Structure formats: C-alpha cells, structure tokens
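[1] When you get a sec, could you give me coordinates for this:
(chains A and B)
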Amino acid sequence: MSAQPGNYRYIGSKRRTKEDPRFVTGRGHYVADIALPGMKHVALVTSPHASARIKAIRTVKALALPGVHYALTGEELCANVDPLFVGVDAPRVARYPLARGVVRYSGEWVVAVVADSRALAEDAAERIEIDYEPTDYILDPEKAILPGAVLVHPDHGSNVLYRRTFTWGPVEADFAKAQHQLSFRVHWGRSATVPIETFGIAAQWDPGTQLLDVWASIQMPKYPDQLAKALRLPGNAVRVHFDVDVGGSYGVKRGIKHTVLVGYLAKKLRLPVRFIEDRLENMRGGDMHGPDRIFDMTVAFDTDGTIHSLKIRALDDVGAYAGRSPLQLGKPVGAIVGPYRITSVEYEPISVLTNKTAQEAVRGFGQAPTNYAIESAIDRVARHLGMDPIELRKKNFITKDQFPYLIPSGSTYDSGDYHTVLDKALRAVDYPALIAARDAARKAGRLAGVGIATCLEPSGGNSAFEPLFNPKNETTTWMDSCLVRVDISGAVTGVMNTSTSGQGHETLVATVLGEVLERDPDTIRVVHADSLNALPSNSPVGSRMAIMLGGAAAGAAKKVKAALMAIAAHNLGVALESLEYRDGNISAKGDAKKSLSWDALVEIAHRKFHKLPPGLEPGLQAKFVWEVPTGGGLPTADGRIQMYPCYSFEAHLVLVEIDPSSAQPKIMRYLCGHDCGTMINPDIVHGMTYGGIAHGIGAALYEKFAFSDNGQLASQTFMDYLMPSALEVPAIVIVDHCTPSPLTEFGQKGSGEAGYLGAPAAIANAINDALAPLGASIDELPMTPLAIWTQLQGGRTP
Amino acid sequence: MNEKLYPLSVTVNGKVHMAEVPARLTLVDFLRDTLRLTGTHVGCEHGICGACSVILDGAPVRSCLMFAVQLDGCTVTTIEGLTRPDGTPSALQDAFCEAHGLQCGYCTPGMIVASHALLESNPAPTEAEIRDAIGGNLCRCTGYQQIVHAVQLAAENIANGAK
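    Residues are numbered from 1 along each chain as shown, chains lettered A, B, ... in the order given. All right, here's what the predicted structure looks like:
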C-alpha cells in the first residue's frame, strides 16, 4: 500500500536494520552492562512527605557499615554545583539533584549513599536517619494559582511558572459572527512513556587528565553542555560516550539530575560510580512524568459545520520543579489548529507548580494532549450539529492545493493531502461496515463506539518554543551533523553524534549514505562519536532524525561524491559535467573506456597525492552540519513563530466495545492512515507507529500516575501503573500515504511520535460514542473501567 | 557486612558454574553481575515486565523473582544460550530481525525467551496463542505487532527446517 515517489535504490525498501542482530542475541550495550574496575554503586534516600522541612540528617550509622564510602546530602551538593536548567524565566525555581533544607514532593531525592555494591548501598540507605517537619502542600493546580495558595517555591513568589494569553487572528470577530459556540473541559491525565529500562549512569573522573567520562541512558539535547555547566567544568572536561544503547526513552530519558549527582560523586571520591534507578526510584523520583493538563475549550462554528475560531486555556501541572516541562505547552503552538482551516485562536498556556513529581519531556512534547483537546472539540461540534464527524473533518481540512499553509500562530505547514489519507483509511477499514458492526453490537445489547481522530505530527524539531516562552533565551540554532569517512579499503563509515534509543539511526545513516554514494548499506558501518569528538547535534528529539540526521548524512555523502568527481575529472581529463557516477565508479559519458573505479578513486584520495587535484584535501571524508529547515527566526511581539518545519498527518479509526458487566473496554478494530512523506525504512516507521498507538492506548485507557490526597504517588509499581500488554493492544492496520516534504532531502518527514499523537483522541472519541446512547460521556484520561462503570451507573461513584 | 554464603552448582547455557552466593542474591543479579551474562535485563524487579525472563529447566521464569541459591542443581538458559553454537542468531532470533520485532532491544531477550518456550511446546501457534504467550512481557516500543509477526515467521521457518 505504500506510495513512495522517487526512484530510490535503498530508501523505502524493505531492509533489515543494522541494530537488530546485536539485540536479539543479547549483545546490546546498555548502561547497566558497564562494569568499570573498582566501580561503586549508589542508592537513594527519598522523601516520604509531599512537603517538609529537613531538620536533621544523620549518616553515622550508614557510614559505619564496611564497604560504605560516602553519604552525600543536598547541603554539600548544592554548595558545589550550579542549578539545573529551567526552561522559562524562573531563576528562583532552583532545581538540584538532591533536596536542600526542604522537600517538595514525595519521592524527592534527599541523600545519596555510595557503597561497594547496590545491595550494600541500599542497606546503608536504610540506616540514614532524617528528621522532617511536615509542612503544608498543594496538589490541585487550579487552587495553586489562586492568591494565598501554599507556595511550592516561596522565593518565586507564585506557583505560576509561565502564563500568557496569545491572540492570533480575529478571535473576537470570528466569535461574533459564528452561529454557535460550545464550551467544555477535558483533562489529560498524568502518564508517561515509562521505558522498560530505567535511567542509568556510570561516571569516572581521571585526576591525571582532569576528564569526566560519562556513560548514560539518555535522550537529551545539550546534555554534555548542561552537565559541564552544572558541575562547573569546562565543556572539554566532560566526555559523554554516545555508544551506549538506550533501552527505550520516547522523550523521557533526560537524566540530567542523575548525571550531575553521579558526576559530582565520581569526581569527589575519585572512584568510578554507577547509579541505576530501581523501579521505585524511577516512578516517583525519576522526574519523567508527562503532561497533566486541564483544557478549557470554546469553539465557534456555523450550522454548516464551518469552524472559525478556538479559545484554549491549558493548565498544566508540572509538579515541583521545572526543567523543559513548561515548554511542552509551547510546542503545540506550531499545530494549534490541527489539520483544520481555523482562522483564529486564543491560547492561554498556564504552567503550574504543585507538590508532585516533576514533569519532563514525553513523546510529542505536549502535542498529544493538545490533539486530544482539539479532536474532542471536533466530535462535540459534530454531535451538537448532528453531523457525521467524518464529514465535519473533511469540511474543515486544509486542502492539498493550499500548501504551504500559514496557520494563525505563525507556522507554515509544508505539505499534506488530508482528504486523500482519510479517504484511503476509510476505504481500507470499510467504514460503512465498521458503523454496521457498531450498530449490530448495540442492537445485541452491548456498548460499542467508533472513534476518529485526524491530527498532525510536527517534525524536524527545533527549539522555537524556547524564545517564545522566554525572551531572554535567544536560541534559534538547532543543528545536526554527520561525518562520513571512506577508508583506504574503500569501506564507508558514518559517524553520528548522539546515542540512540531504538529509532534505528544506524540504519537511517547507512541507508542514506548508501543511497547517495550508491554503495550497499549493508557494507556501511555507523558509529556513535563521544561528545569530545562529536560534531554538533541536538539529539533525537522532536521527530527530527529522519529529517536532520538523514539530511546531514546526505549532505556529507554529497561532499564525498563531489570529491570523487573532482578526482575523476582531474585524472581523466574530462569536464565534471561530462562525467557519470554509477555505483561509486566514474566514467566519461559516452566513453566507458575513460573511467576510474571506486577503489582506484579511493586510492588516489588516500595515497597518490601526485594525482590529487590542487586544493583537494587528501584522505576521503566530509562533514555536514546544517540548521533545521525554516529555523532561525525569533517570535513576533504577539507570539507568532515558525515552529517545526515538517508536518506528518495521521487518521485513526477505531471500533471499541465495552463489556457492560465489567465496564472493560476492548478495541475490536484499529486502523491508522499515515503520511510522513518518504519513508527511509518502512519497517522502522511502521514499528514506531504501532508502538506510538500502544502508548496512546495506555494513555487513553490505563496509565496514570495517581496521587493520594496527602501527596503520595499511588501508582509506584507496574502493578498499579498499568501498561498495555499484547492482550490489550489489538492487531493494527497502517495505511501508508506519501506526500513528500518540499523541505527535506528525500521528501521525508518525522515519524518518531507517530500514532501516539492521535490514538488517545481516537480512543476517547470511541468510548464517548459508545456512551452516547446513554447520554453519558467521560472528559478525562485515562478512561479507566471504573470511570466507565461510574458512567454506566448514571454517574454515581461506588 | 559479612554475609553468609551458600554453595551453588548450576548449569547455565550448558556450562556448569560453581559459586558461593549470599542468600539474598537474585538470579538475575547472579547472571548479570557474577557470570557477566548481561543479555538478561532488569526492568521492574517485581515480576511484571518480563524483561528478565530466562528458561529454568525448560520453562520461562522471572529471574528477578528467584534467588540464586534456589538454582542449585538446576539448568538455566539465557538469551545468550539461545543462539546457534557459533553465536549467530537462531531461526527465532533471525525472524525477529526479519520482521523487525524490536526497537530498543531492552525487552527483546525476554520476548525471545517467552517465544522460544512457546514454540518448543506449540510449533504452530495461532496469533491468539502467541499474544497469550508474550502477554506477560511488556514492550514499550513496538505495540507487539511486529513481535507477533516475528514469532509467526519463526514458526513457519522452523517448520521448513530452519534452526
């Protein structure tokens, strides 16, 4: 079903990945597999209170245990490291790896113990005595923004981290002329992508070279820079090894506080130190909870279904500290109208501190909750007007001849054909049959619903939300890079500059290099530099690597190809334009006798300086560093900005049945129409899309970091935080479509967040369609069996 | 702290190991830290995620929920022991590569252990039987679809003589 343009040798074909063989044989190289000679281990003592003053810490009994080396408190650490990066202008919301003086959430790290083994460190941690004086806390984000609320950070003067009302386009005029308006509230519950591997880090300080070596399970932009800055070291005193396999991340593996803590200990103790979170440490203090967002939506529309304007108030509970979390309200600005011709938007993002575990980046960086709110609005409008939700969407879609399309908030969508993708999806799922199946189930006395969501995946991540949300931060550079080497044997090596967490970047680089150089990707090796010999990178975030790393690899390969052409022209005495490149061999057009083979060209480059054209560097390698397409701009005064460059589209169609006796939902059919431009490796794209849908099923139906009334995390284990297994995730059908991006090398767009961005909305719409005959609906995720059962009982809680 | 040690003799991947271990040492820590067989992964340490699955006397078990001392006289096979003798991928492992039944690779050893145990007892499983067999193994990357395909493909290939 794939429809790929272009005539490619390797791109878009079914090809095995380069990474899989090491993983299937148990030969991955994860951080927990690193065993440095003499390595020591860390365990943590964490706060049992949502808010408390630390009155005293006694470490004597712990340190008395043989094999225990150190107990680090916040007093010492905070005096010797700088605070971690805060994404908005809130310098007094200071964040350090360990609490100092006060704790602000249950699970916050208070003391780190270092011992010969993790088991011993845990024994010692149990002997640390801490006197707390519990203090008032605030858990409800609505109450937290009211005057007089308990303050999480009194020095900041408020619990509001960020708040602004943006008005893009003629909002009031659009509302005045619209025939109808609807207001409603939906709540995206606190969940995350929860990788099966927890965070981990190993570090070693060499006093002789004054160098800190770091191996970590991370996916984080600017990680080496932030680490060095916090540790008060020059950037070249930190070496992050990017050849560590990361056991899943999907945005969350930021790990900066883990690394500053362990880096400090390794340097202080002059011992190799490793910290691998256990699952409890991960769930409550790993700082990887996702958005927890209340949307107040008002939509203005006409009787014929034309949607004119949206007012969105998004209140996001980021917990007790801020890293990049407030910026997750900024990224959706780039797709704030979804795939629809909505001419004006009022957007009020409010980022609020509470006494909960801190929020961090999660797949989609805040886009999935916003898509859920927009798609809820579309379904409510359809229900209000009695219109088919498919027809309503089609009526409001941007049409394919309108691209490039400028949305009110300042981003231009690169390309798309939403009507065609939705039509393909409807045909593939046999939509009339899907509706008939729903109606048959209803007739048989069961609850059944069909859900639709059509939404965008902004891709090619830049940091445009940083200057938007913090005018003091003028970051507009968001580059990525690749280095390509052809060695004297003629073998090709690509060097990438970040770690990878399952996205198949080695395969991506090899495929692109192979495509441009016309060499078999299976013969190309791809390695991960360390941060001291790496070219600039911003890590695999924001669905950017197919675009940015793919583009960098293509750029570097083209330079190598140009060097080969120059060598051939010089040695064959033929003008460049009269040469033909095929499979790495170069010959004069129309004169095959005048040719030089790949091997001969490579040999000239490496060994025969006398045959090298003047001015060409000997050896055969090239680097390419490039800025994200359309990047580089600062926001206008009214907050318009080009966010990400490329916009993938997905159309989800779901049939859900609910068992009326247990209120258990079951997904009967799932189909996703998907357009991410040219796919480099379809198996990888499809895999990430299936996985994103599974994450979306979790967020929609099961997963929640729930807190008790006294601020204790109630879902600390996998017995309470429920993730879908192969029994909950159904067989999924993906229907591909390809609308190439005009901004990228091969027309590719991003797909790393695919599926997740629309699945929760589609499933929520399906559940509400199932409940509609009862006059019931649910406005909060996850839509757990209890929430559904409560609706079945007429809204009475048990 | 001087912990009392207990003698242990266990066969892992065909090789007999004699060791003295503390009572509280889990099987997964014994495999990873003592024997340095790091293909078996730790996910939750409370028996839910299945990343630490190994085969104990023919049946898949959670190695985070067992103590090493319980293994005295037992036979254990880990992901490293499921390769061909020369270390290259078995038919099942190869099918995971062909179907791209993985992404980050972290849950993969447990998935392959669970699938191996299934195919040993049921060489031609239905999709429902495959989903049931891997139902105790969590994967956050794949949505399970390509894993199911990998096991179906492996069953076919093995039926056709692949090893």
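
[2] all contacts plus neighbour counts: C-alpha atoms, from now on.
    OK.

[3] what's the neighbour count on residue 159?
    No chain was given, so I picked chain A. 25 (other CA atoms under 10 Å in any protein chain shown).

[4] think we crossed wires, I meant chain B
    12.

[5] what about the strand or helix carrying A:Ala787, distance to the chain center?
    If you go by DSSP states H and E, A:Ala787 is part of helix A:785-792. Chain-centre distance of helix A:785-792: 31 Å, with CA atoms, centre = their mean, to the nearest Å.

[6] For it, list every residue counted as buried.
    For helix A:785-792, the neighbour count (16 or more other CA atoms under 10 Å in any protein chain shown) marks A:785, A:787-792 as buried.

[7] ok, stretch A:65-72 near chain B or not?
    Yes - for stretch A:65-72 and chain B, the contact criterion (CA under 8 Å from any CA of the partner chain) is met by A:65-67.

[8] quick one: contacts of that stretch?
    A:59, A:62-63, A:111-116, A:120-121, A:124, B:1 (CA atoms under 8 Å, 6 or more residues apart in numbering or on different chains).

[9] Also stretch A:359-372?
    Stretch A:359-372 is contacted by residues A:188, A:192-193, A:250-252, A:254, A:287-291, A:293, A:318-319, A:321-325, A:328-332, A:336, A:338, A:455-457, A:542-543, A:753, A:756-758, A:760-761 when judged by CA under 8 Å, 6+ apart.

[10] quick one: the strands in chain B?
    B:5-12, B:15-22, B:53-56, B:59-62, B:75-77 (DSSP state E).

[11] Separate out the buried members of the contacts of stretch A:65-72.
    Using 16+ other CA under 10 Å, the buried members of the contacts of stretch A:65-72 are A:59, A:62-63, A:111-116, A:120-121, A:124.

[12] Closest to chain B out of these?
    A:Leu120 (7.9 Å; CA to the nearest CA).

[13] Okay, and that closest one sits in which element?
    Secondary structure (DSSP H and E) places A:Leu120 in helix A:118-126.

[14] related to what we said a few turns ago, redo the buried residues of helix A:785-792 as TSV? Include pLDDT and distance to chain B.
    Formatted as TSV, those follow (pLDDT from 0 to 100; distance: CA to the nearest CA, whole Å):
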residue	pLDDT	distance to chain B
A:Pro785	95	20
A:Ala787	96	24
A:Ile788	96	24
A:Trp789	95	25
A:Thr790	94	28
A:Gln791	94	29
A:Leu792	92	29
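
[15] related to what we said a few turns ago, format the strands of chain B as TSV; extra columns: distance to chain A.
    Shown next, in TSV, are the strands of chain B (distance: least, CA to the nearest CA, whole Å):
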stretch	distance to chain A
strand B:5-12	15
strand B:15-22	11
strand B:53-56	12
strand B:59-62	14
strand B:75-77	12
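
[16] For A:Val560, find the nearest of those.
    strand B:53-56 (46.3 Å; CA to CA).

[17] winner for burial among the strands of chain B?
    Comparing the strands of chain B by mean neighbour count (mean count of other CA atoms under 10 Å in any protein chain shown), strand B:53-56 comes out on top with a mean of 26.

[18] for it, what is the average pLDDT?
    For strand B:53-56, the mean pLDDT works out to 98.

[19] could I have that strand exported to CSV, CA atoms only?
    Listed next in CSV are the C-alpha coordinates belonging to strand B:53-56 (Å, rounded to 0.1, in the frame of the first residue of the first chain):
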residue,chain,number,x,y,z
SER,B,53,12.9,-13.9,31.7
VAL,B,54,15.1,-17.0,31.4
ILE,B,55,14.4,-20.6,30.9
LEU,B,56,14.7,-22.7,34.0
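
[20] Which elements pack onto that strand?
    Helices and strands touching strand B:53-56, by 3 or more CA pairs under 8 Å, 6 or more residues apart in numbering or on different chains; DSSP states H and E, are strand B:59-62, strand B:75-77, helix B:108-121.

[21] Return the residues of the stretch 651-798 of chain A in contact with chain B.
    A:683-684, A:687-695, A:717-719, A:723-727, A:729, A:731-732.

[22] What subset of these is buried?
    Looks like those have A:683-684, A:687-695, A:717-718, A:723-727, A:729, A:731-732 buried, using 16+ other CA under 10 Å.

[23] Pretty sure A:Ala700 sits against A:Asp779.
    No - at 11.0 Å, A:Ala700 and A:Asp779 do not qualify as touching, with contact defined as CA atoms under 8 Å.

[24] Can you name the residue of the stretch 401-550 of chain A nearest to chain B?
    Distances between the stretch 401-550 of chain A and chain B by CA to the nearest CA are smallest at A:Gly502, namely 3.5 Å.

[25] check contacts around A:Lys331.
    Contacts for A:Lys331 (CA under 8 Å, 6+ apart) come out as A:365-367, A:464-465, A:643.

[26] ok, 6 Å please
    With contact taken as CA atoms under 6 Å, 6 or more residues apart in numbering or on different chains, A:Lys331 is in contact with A:Phe465.

[27] circling back: could you dump the buried residues of helix A:785-792 to a markdown table with distance to A:Pro665?
    Shown next, in a markdown table, are those (distance: CA to CA, whole Å):
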| residue | distance to A:Pro665 |
| --- | --- |
| A:Pro785 | 7 |
| A:Ala787 | 11 |
| A:Ile788 | 9 |
| A:Trp789 | 10 |
| A:Thr790 | 14 |
| A:Gln791 | 13 |
| A:Leu792 | 13 |
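
[28] re earlier: now for the helix holding A:Leu120, which elements pack on it?
    For helix A:118-126, the packing partners by 3 or more CA pairs under 6 Å, 6 or more residues apart in numbering or on different chains; DSSP states H and E come out as strand A:40-46, strand A:109-115.
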